[in-house]
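Novice: Next input, structure requested:
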Amino acid sequence: MSALFNVLVAVAVVVLILVRQMKPQQVNGGGRWWLVPALLVFFSVRDGGLVDQHHQVASIVLLGTEVLIGLLMGVGWAWTSKIWTEPDGTTWSRGTRATAGIWVLGIVLRVGLAGLGALAGIHLGTGAILLALAASLLVRGAILMWRAGPAPASYGVPGESPARQVWRDRV
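Specialist: Residues are numbered from 1 along each chain as shown. From the prediction side, this is the model:
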């Protein structure tokens, strides 16, 4: 039941992400953008089984590769997303065709990696998928926040923080 639950969580998150990434969504400077990745990490390590006890070194290498692919997917997703600022100062992002291509490439690589592991008799379980997905979301969120930059100031130079404006005005 736990493996089925993890698969359902992974599928639900992937579907949610794919649907949302092609629609404009607001990038806010605060919020809980890290919450879903944190929950995915929790679910991935909750039951253990991230490392195959019969093939420890090989399964750690596969897990590391899986997470690395997830990190690279997050970087690619964030850098191929379009970001813009509306006149009211809100910042928005939306995935592009290149973003969809990154997802397809990442999924193909991860399926291929799972196939190699299966051929070698290594069983990672669904926790590896959730962990890699968490890595993708965490990196993507951090890069989008960084790309979005600081919120526009209510006065002075647009995009410059009030503290920076006070310092600039004193110099």
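Novice: C-alpha only now, for contacts and for neighbours.
Specialist: OK.
Novice: Please name the nearest non-neighbouring residue to Arg140.
Specialist: Gly74 (4.5 Å; CA to CA, 6 or more residues apart in numbering).
Novice: The strand or helix carrying the one you found: which residues count as buried?
Specialist: Under the criterion of DSSP states H and E, Gly74 resides in helix 56-80. Residues of helix 56-80 classed as buried under the neighbour-count rule (16 or more other CA atoms under 10 Å) are 58-59, 62-63, 66-67, 69-80.
Novice: follow-up on the earlier one: run through the residues that contact the residue nearest to Arg140.
Specialist: Ala135, Ser136, Leu137, Leu138, Val139, Arg140 (CA atoms under 8 Å, 6 or more residues apart in numbering).
Novice: Arrange the residues you listed in TSV, one row each, with neighbour count and pLDDT as further columns.
Specialist: As requested, the contacts of Gly74 are arranged in TSV below (neighbours: other CA atoms under 10 Å; pLDDT from 0 to 100):
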residue	neighbour count	pLDDT
Ala135	26	95
Ser136	24	93
Leu137	27	91
Leu138	22	94
Val139	22	95
Arg140	24	93
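Novice: Give me the subset of those that lies in helices.
Specialist: Judged by DSSP state H, the contacts of Gly74 include Ala135, Ser136, Leu137, Leu138, Val139, Arg140 as members of helices.
Novice: need these in CSV with distance to Leu4, can you?
Specialist: Output for the ones in helices among the contacts of Gly74, formatted as CSV (distance: CA to CA, whole Å):
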residue, distance to Leu4
Ala135, 21
Ser136, 22
Leu137, 22
Leu138, 24
Val139, 26
Arg140, 26
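Novice: Relative to Val108, which of those is nearest.
Specialist: Among those, Ser136 lies closest to Val108 (CA to CA), at 15.1 Å.
Novice: Quick one: the helices in the chain, in order.
Specialist: Under DSSP H, the chain gives helices at 2-21, 35-46, 56-80, 97-119, 127-148, 162-170.
Novice: Nearest approach to Gly89 belongs to which of the ones you listed?
Specialist: Of these, nearest to Gly89 by CA to CA is helix 127-148, at 10.9 Å.
Novice: which of the residues in the closest one are buried?
Specialist: Buried-residue list, helix 127-148, by 16+ other CA under 10 Å: 127-145, 148.
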